[in-house]
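> coords please:
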Amino acid sequence: MLEFGAAASTALDHTDAVDEVVPPLLERLGGTPDLVVCFFSMEHAPAASGIALSLSERLGTSNIVGCTAQAVIGGRRELEGVPGLSVWVARLPGVEVRPFALQVVQVSDGYGVTGWPNFDPDVRSTVVLLADGFSFPTDRFLERLNEEQPGLPVIGGMASGGEEPGQNRLLLRTDALQAGAVGVALDGPVEVRTVVSQGCRPIGSPYAVTRGDGNVVEELGGQPAVERLRQLVSKLTPKEQVLARGGLHVGQVIDEHKAEFGRGDFLIRGLVGADPDTGAIAVGDAVELGQTLQFHVRDADAADEDLRVLLDPVPDWNPRGVLLFSCNGRGRRFFGQPDHDAGQVARATGDVPLAGFFAQGELGPVGKRNFVHGYTASLAVFCEPSDPSMAVFEAAEAARIPVAPPASQPPVELPEEPPEPDGTPEPDGTPEPV
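Just a heads-up that it's a prediction; the model follows:
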């Protein structure tokens, strides 16, 4: 049986914080964990390696991953504006737990990524990934992963809290890293289901892209895209028109094989421009001819509704533990109240052990493809396997081709240039909140 525990502390001194979280974790788990996931605020960043070493010694395992956070989440609490350490532990009988680190390296015609583990296509697998946006090209890496290992779910978040390169910290076992990405591959009998709530509500009707190129959409359903937009805005309620003037978003259907589309079927990206002369609109990501699009609006009410609706089926999953990756654009300032996301998740899961953090970008699958999101709450919900032969997301039929050989072999080559050492975090493809 799967067992989980979680504990959090607001102590300013990292040794005091570790002293607070370890006893309840051991009491809850009743033994040595197979995996430790740790999030800590920037007050604890200088002591990152010390935190990892202390947790390893006192919990009895070196299977540790973690990262810095603008704010951490523990149980029903979102610890904003205070020092925070949140630790989540798991006992996973029969599951192979494989922590790893990814680094960007130069190759003959560009750059590549080393450290990605191999996966057995006959074994259920899930990846939890934590990345530094200043130094790791997460968007492009996930694009390559979607192509070469379709159906392999990746859930996680971008380290936050650091304001310039080298300030974030990533934990791998007892080491603290300043760049790249860390993660853990989980292979075997644990079912990890996901909820990816992008905080938007659909408006109007969906239309297929009938003319366009790249991120420019010239026609939707046979009419100029701007004309479709005008028709939509004219039919909106006064409140929706205010939201639309503040900033519209575009939902892109990822899995076109469904008979109808609802929440969770769209990848949300920003509407970044419209040209009345040509009738075209520009979207914050590339679109394909024939792809279904639908306009969306985002505000606190829409985000609250979206999360509630997507959490409705979760009690029936018999959840045992949860990791929550919430955007640092959400929280108290966005919702006007504390603990919004954590509280909703706790209610839906029956207060199972929950930990997480406010991320610089959130990772999670939409339509069986992995993406970096913005202003999103992305959840990894750990459940007893309902059917050991069923892969996560019913993806057993998807052939998984390794993205990378072992680290001693040539790295995964990616197009374009990696982020510059003095660059900014990877963009999430969405505009600033309004």
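
> Who does His296 form a beta bridge with?
When assigned by DSSP bridges, His296 has beta-bridge partners Pro202, His249.

> What of Tyr207?
In this entry, Tyr207 is beta-bridged to Leu293, by DSSP bridges.

> Quickly note the distance from it to Gln231.
10 Å (C-beta to C-beta, to the nearest Å). Every C-beta, even on glycine, is put in place using the N, C-alpha and C of the backbone.

> With neighbour numbers in mind, choose between the two.
Neighbours were counted for Tyr207 and for Gln231 using other C-beta atoms under 10 Å; Tyr207 has more, 20 against 12.

> ok now do that one, which residues does it touch?
By C-beta atoms under 8 Å, 6 or more residues apart in numbering, the contact set of Tyr207 is Leu220, Gly221, Arg228, Thr292, Leu293, Gln294.

> The helix or strand hosting the third one: which residues count as buried?
I take that to be Arg228. According to DSSP states H and E, Arg228 maps onto helix 225-234. For helix 225-234, the neighbour count (16 or more other C-beta atoms under 10 Å) marks Ala225, Val226, Arg228, Leu229, Leu232, Val233 as buried.

> Contacts for that helix, please.
203-204, 207, 212, 217-221, 241, 244, 248, 274-276, 279-281, 295.

> What are the phi and psi values at the spatially closest residue to Arg76 that is not a sequence neighbour?
Once flanking residues are discounted, Arg76 sits nearest to Ala346: 4.5 Å by C-beta to C-beta, 6 or more residues apart in numbering. With angles defined as degrees, to the nearest 10, Ala346 sits at phi -60, psi -40.

> if I read this right, Ala346 contacts Glu78, doesn't it?
No: using C-beta atoms under 8 Å, Ala346 is not in contact with Glu78, being 10.8 Å away.

> okay, now the domains of the chain?
3-197+305-414, 200-299 (automatic domain parsing).

> longest helix of the protein?
When the chain is scanned for its longest helix (criterion: DSSP state H), the result is helix 14-29.

> Compare neighbour counts for Ala346 and Glu78 and give me the winner.
Neighbours were counted for Ala346 and for Glu78 using other C-beta under 10 Å; Glu78 has more, 26 against 18.

> which other residues reach the helix or strand harbouring that one?
For Glu78, the host element (DSSP H and E) is strand 77-79. Strand 77-79 is contacted by residues 8, 10, 41, 71-73, 86, 326, 331-332, 338-342, 358 when judged by C-beta under 8 Å, 6+ apart.

> out of those, which are buried?
The buried subset of the contacts of strand 77-79 (16+ other C-beta under 10 Å) comprises 8, 10, 41, 71-73, 86, 326, 331, 339-342, 358.

> before we move on, the earlier item: would you put the C-alpha positions of the helix holding Arg228 in PDB?
Output of helix 225-234 as PDB, limited to C-alpha atoms (Å, rounded to 0.1, in the frame of the first residue of the first chain):
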ATOM      1  CA  ALA A 225     -10.200  35.700 -37.400                       C
ATOM      2  CA  VAL A 226     -10.800  39.400 -36.500                       C
ATOM      3  CA  GLU A 227     -14.300  39.200 -37.700                       C
ATOM      4  CA  ARG A 228     -15.000  36.100 -35.600                       C
ATOM      5  CA  LEU A 229     -13.500  38.000 -32.700                       C
ATOM      6  CA  ARG A 230     -15.800  41.000 -33.300                       C
ATOM      7  CA  GLN A 231     -18.900  38.800 -33.500                       C
ATOM      8  CA  LEU A 232     -17.900  37.100 -30.200                       C
ATOM      9  CA  VAL A 233     -17.300  40.400 -28.300                       C
ATOM     10  CA  SER A 234     -20.600  41.800 -29.500                       C
END
